[in-house]
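>>> here is the input, now give the coordinates:
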Amino acid sequence: QVQLVESGGGLVQAGGSLRLSCAASGRTFSTYAMGWFRLPPGKEREIVTAISRSGRSNYYADSVKGRFTISRDNAKNTMYLQMNSLKPEDTAVYYCAAKYQAYRDNVPKNEYDYWGQGIQVTVSS
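Numbers count the residues shown, from 1 in each chain. Have a look, this model is predicted:
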């Protein structure tokens, strides 16, 4: 089991920045690939970005490439999402997720095992 808690959300103007954190507790953080997903109002949940358990590989959705940066600190059991140049269409509830990987070090885009409770990010125009 792993518990995930997001923080750092809020209200920001278009063009601004926010940094989300996802603190993990429970089993060894470095055995989990991690991801950020979001649920925009009236839409389906979508993957934003993900990072391998070592941190060596990552994936970004086209809509956030060049603006968002995912990172992790395995010593602190924490994952981060730096969001720059925010747009109103980035408004959503953001979730962090963990996928257990005993031996693989790839970047999964689905079938995550554990989820945080979500945190609101609102970008005003």
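>>> grab the nearest non-local neighbour of the residue nearest in space to the middle of the chain.
The residue lying closest to the centre of the chain (CA atoms, centre = their mean) is residue 36, at 2.3 Å. Once its chain neighbours are removed from consideration, residue 36 has its nearest residue in residue 48; the separation is 4.4 Å (CB to CB, 6 or more residues apart in numbering). C-beta here means a position set from N, CA and C on the backbone, and glycine is covered the same way.
>>> check which helix or strand covers that neighbour.
Assigned by DSSP states H and E, residue 48 belongs to strand 46-51.
>>> parallel or antiparallel, which strands does whichever helix or strand comes after that strand pair with?
Heading C-terminal from strand 46-51, the first helix or strand you meet, by DSSP H and E, is strand 58-60. Sheet pairing for strand 58-60, assigned by DSSP bridges, gives strand 46-51 (antiparallel).
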